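# any chance you can model this:
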Amino acid sequence: MNLRRENGRMVGKLAVIALGMFAFGYALVPLYKAICEMTGINILALGDRNIPGATPTLPANTQVDRSRTITVEFDANARGPWAFKPAQRSLQVHPGEMASVLYEFQNVQNRRMSAQAIPSYAPQQAGAHFNKLQCFCFNQYTLEPGEKKSWPVVFVIDPKLSRDVKTITLSYTFFEVGGKTPAAPLAAAAALTAGRAGA
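Here you go, the predicted structure:
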């Protein structure tokens with residue numbers, strides 16, 4: 001009989017503890033929200049104080065320089081028998097603004113091939129300020145005969161780019177991996193300039 005009473009008391013205590021834990025967990029949400037609003041730790045909770053029905057205002061991206069526009073021209077060169085081109089020839093962007101363009105590629109050969117792209121920039125000084133967040137030039141790709149692909153280039157132009165630069169040309173040279181790798185366009189241009197100077 002004593003054992004049954006003790007078991008009953010233990011079950012009662014456990015039930016009270018379980019209910020207490022549930023109530024505590026349930027109360028944590030409004031408690032957490034109140035603490036965050038008072039301390040300003042959670043900026044998401046601060047947005048709840050906006051006027052009901054009004055659209056919340058998001059802070060502007062202060063890194064975008066809307067006072068100027070740069071024209072980015074896209075170029076494609078293929079070293080081999082395949083089709084390679086940008087989906088659009090140019091795009092106007094503000095420095096600091098994220099933008100993207102697609103490049104289209106097709107293996108028109110009757111064999112599998114692996115290829116990679118080398119980027120170059122004009123003017124040369126723009127290269128240091130042209131930040132690619134995503135680019136097919138980071139990897140090699142293998143395509144089956146006749147296979148088509150579209151690859152994005154996602155980029156941001158650094159607002160520190162000289163204000164004299166109004167147009168940037170992004171050019172890719174696509175070549176077959178395992179074949180003869182072409183000289184980088186900038187190195188080839190430098191060699192040509194040096195040759196003219198020596199003449």
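# give me the pLDDT value at I35.
Note for I35: predicted pLDDT of 65.
# likewise N77?
87.
# over to the one 4 residues further on?
Looking at P81, its pLDDT is 77.
# helix or strand: which one has it?
Assessed by DSSP states H and E, P81 sits outside every helix and strand.
# measure how buried it is and give me the count.
10 (other CB atoms under 10 Å). Yep, even glycine has a C-beta here, placed from its N, CA and C like the rest.
# that one contacts N107, correct?
No: the pair P81 / N107 is not scored as a contact, 9.0 Å apart, by CB atoms under 8 Å.
# any common contacting residues for these two?
Here P81 and N107 share no contacting residue, scored by CB atoms under 8 Å, 6 or more residues apart in numbering.
# where's the closest residue to P123 other than its chain neighbours relative to T71, distance?
Once flanking residues are discounted, P123 sits nearest to V165: 6.4 Å by CB to CB, 6 or more residues apart in numbering. Counting by CB to CB, to the nearest Å, the separation of V165 from T71 is 10 Å.
# what about L161, how many neighbours?
Neighbour number of L161 under other CB under 10 Å is 19.
# three-state assignment of it?
Secondary structure state of L161, per DSSP: H, G, I helix; E, B strand; the rest coil, is coil.
# quick one, phi psi at it?
With angles defined as degrees, to the nearest 10, L161 sits at phi -60, psi 140.
# okay but it is in contact with P123, surely?
No: L161 lies out of contact with P123 (CB under 8 Å); the separation is 10.0 Å.
# when V165 and T71 are compared, which one has more neighbours?
Comparing V165 with T71 by other CB under 10 Å, the one with more neighbours is V165, at 15 against 12.
# check contacts around the more buried one.
I70, P123, Q125, A126.
# centre-most residue in the chain?
Centroid-nearest residue in the chain: L133, 4.3 Å away (criterion: CA atoms, centre = their mean).
# in which helix or strand would I find G25?
helix 2-39.
# what residue ranges in the chain score low on pLDDT?
Flagging of the chain using pLDDT under 70 yields the residue ranges 1, 26, 28-29, 31-62, 179-199.
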